[in-house]
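> here is my input; please provide its structure:
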Amino acid sequence: MKVVIAGAGDVGFYLAKMLSHESIDITVIDIDEEKLKNVETHFDVLTMEGSSTSLRCLREAKIEEADLLIAVTDSEDVNMTTAILGKQLGARRTIARMNNHEFFEEKDKFDFRKLGLDNMIFPEELAAKEIKRLIKRASFSESFDFADGKLTFSGIKLHPSSPVIHKSVQESAWLNPELNFMLVAIKRGTETIIPRGSSMFMPDDHLYFISHPEGVKHIISISGREEVEVRDIMILGGGKIGKMTAKRLQDKYRVKLIEIDREKCDEISAELEKTLVIHGDGRDVTLLEEENISGMDALIAVTGNSETNIITGLVAKKHGVKKTVSLVENVELLNLSQDIGIDALINKKLIAASYIFRYIREGDVNALTNIHGMDAEVLEFIVKPRSKITNKIIKEVKFPKNAIIGGVVRGAESYIPMGDFRIEQRDRVVVFTLPECIHKVEEFFK
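The predicted structure follows:
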């Protein structure tokens, strides 16, 4: 497979990182020599200095052989032009990163594929969607449903009162008598551990599970935490993400949005009738207190300033807010969320890169989610009749050590499979895997 990436910024960089574990011929194009050097230093990919809107440059990149052209520069115009030209020159499929929300609202009315735009991604819209998902199950740092909700992937940090701390996985097995969840990973600092029976639970561990819907409450109990119910939400920042998030949440929750720009306040207030819009500076702690920050169940800080978002999240935690979500520009900060006390740090560019990554796997993988602040993925495969895993008992399959089968859906039923479980064709299998063995995992399902 050949992929051409136009843009070596954060989105392009992380796409190259994700794809570098695959058997894929990757070419990255950018006008910035320093960005290209950064990509070259980290990954075994071909780089090309030049404009992706140049016909000569696209031809030199052998665009006519490309199975996929991904245009993710910071310029919407460049991305659109690149996709259109690339398609005309023979790229089989194109994806363009877009910022203009008008295109998002009108995408169902126009056939952009006629222009050469097979797919458009909108980072702000994806970020708003991700925030809604984080608020939906506020007790967890991660929550993602597979197979129409028959299985759930979730992440949660151990509270000091958890009954499993300083015990092994095997010693804690009695807490799961109905086998309605499976531990698939432990994150300890920057290390990701695929658990075995002898693996120990330590204070501040972050645990990741795949479970039946009824297993979710058991997971919360084991973690030593209480279930968080969200009703009142404060959003800091009325930009695209703030407004889209409020729009997604206002029908179910009581939403209060603070924006420093008076004109934006008027626009948002007119558009979102169910959202209370307040003109003010969200960095002002006195204002936050006047607006009852202590009475909020969740705070979502999505201004254009990462430091403001982080500090406001910490202020909210100090005032007793149960769930905090802060937007950051620096991807390297994502690993710090639990360490600094904020429940979730998100980055719209990394969310966009993860979303685009799904297109690479379309066909073999039914669903995929990327985990905040961790190099790991959860994938849902549909078992084919002649794949290596079909009609095999799990303990007899030489599955990679850095991957684990966490759940199986068969028809209307879902299972948390043990070693003697037999995988059958048409099963939907949910797998947690570290990036270095994704390709090996995929081989079992081809």
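> helix, strand, or coil at the residue sitting furthest away from the middle of the chain?
Centroid-distance maximum for the chain: Arg56 at 35.5 Å, with CA atoms, centre = their mean. Local secondary structure at Arg56 is given as helix here, using DSSP: H, G, I helix; E, B strand; the rest coil.
> per-residue pLDDT, it?
pLDDT for Arg56: 96.
> ok, it - contacts?
Going by CB atoms under 8 Å, 6 or more residues apart in numbering, Arg56 touches Gly50. For every residue, glycine as well, the C-beta is placed using N, CA and C.
> start at 781 instead
Sounds good: first residue 781 from here, last item Arg836.
> name the spans of the stretch 881-1030 of the chain whose pLDDT lies under the cut-off.
Regions of the stretch 881-1030 of the chain meeting the criterion pLDDT under 70 are absent.
> let me see the ranges of the strands in it.
Taking DSSP state E, counting those that start in this stretch to define them, one finds strands in the stretch 881-1030 of the chain at 899-901, 922-926, 931-937, 961-968, 971-973, 986-991, 1012-1016.
> would TSV of the ones you listed with distance to Glu1039 and mean neighbour count be doable?
Putting these into TSV (distance: least, CB to CB, whole Å; neighbours: other CB atoms under 10 Å) gives the following:
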stretch	distance to Glu1039	mean neighbour count
strand 899-901	26	19
strand 922-926	28	21
strand 931-937	31	24
strand 961-968	35	22
strand 971-973	38	13
strand 986-991	33	25
strand 1012-1016	8	25
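> out of the ones you listed, the one nearest Pro1215 is which?
Between Pro1215 and the strands of the stretch 881-1030 of the chain, the shortest gap by CB to CB is with strand 971-973, which sits at 10.0 Å.
> per-residue pLDDT, the residue nearest to Asp824 when sequence neighbours are not counted?
Closest residue to Asp824 apart from its sequence neighbours, by CB to CB, 6 or more residues apart in numbering: Ser800 at 6.4 Å. On the pLDDT scale, Ser800 is placed at 79.
> wait, Ser800 touches Val819, no?
No: using CB atoms under 8 Å, Ser800 is not in contact with Val819; the gap is 9.7 Å.
> so for the two, which residue has more residues nearby?
More neighbours surround Val819 than the other of Ser800 and Val819, with 23 against 15 (other CB atoms under 10 Å).
> and the more buried one, how far from Lys1097?
As judged by CB to CB, to the nearest Å, Val819 and Lys1097 stand 36 Å apart.
> quick one on the thing from earlier: separation between the residue farthest from the centre of the chain and Lys782?
Arg836 sits 19 Å away from Lys782 when distances are taken as CB to CB.
> swap in Lys1098?
Taking CB to CB, one finds Lys1098 at 51 Å from Lys782.
> more crowded one of those two?
Lys782 (18 against 12).
> which strand residues bridge the more buried one?
With DSSP bridges as the criterion, Lys782 is bridged to Asp805.
> could you pull up the residues touching it?
By CB under 8 Å, 6+ apart, Lys782 lies in contact with Ile804, Asp805, Thr807, Lys842, Glu845, Ala846, Asp847, Leu848.
> my guess is the second one contacts Val783. True?
I take that to be Asp805. Yes: assessed by CB under 8 Å, Asp805 is found in contact with Val783 at 7.1 Å.
> and those two? Which one has more around it.
Each of Asp805 and Val783 has its neighbours counted (other CB under 10 Å); Val783 has more, 23 against 16.
> list the residues that contact that one.
Applying CB under 8 Å, 6+ apart, the residues near Val783 are Leu799, Ile804, Asp805, Ile806, Thr807, Ala846, Asp847, Leu848, Leu849, Ile850, Ile1140.
> swap in Val1189?
Each residue near Val1189 by CB under 8 Å, 6+ apart is listed here: Phe926, Ala927, Lys930, Leu931, Tyr1195, Asp1207, Arg1208, Val1210.
> hang on, it is in a helix, isn't it?
No: Val1189 sits outside any helix when classified using three-state DSSP, being strand.
> where does Lys797 land on pLDDT?
85.
> what helix or strand is it on?
Using DSSP states H and E, Lys797 falls within helix 790-799.
> other residues contacting that helix?
Against helix 790-799 from outside (CB under 8 Å, 6+ apart): 783, 785-786, 788, 806, 808, 810, 815, 818-819, 822-823, 825, 850, 852-853, 877, 903, 1111, 1127, 1129-1130, 1132-1134, 1136-1137, 1140, 1215.
> mind listing which of the residues you listed are in strands?
Members of the contacts of helix 790-799 lying in strands (criterion: DSSP state E): Val783, Ile785, Ala786, Ile806, Val808, Asp810, Ile850, Arg877.
> can you put these in a markdown table and add distance to Val1177?
Formatted as a markdown table, the ones in strands among the contacts of helix 790-799 follow (distance: CB to CB, whole Å):
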| residue | distance to Val1177 |
| --- | --- |
| Val783 | 30 |
| Ile785 | 34 |
| Ala786 | 40 |
| Ile806 | 30 |
| Val808 | 36 |
| Asp810 | 42 |
| Ile850 | 34 |
| Arg877 | 39 |
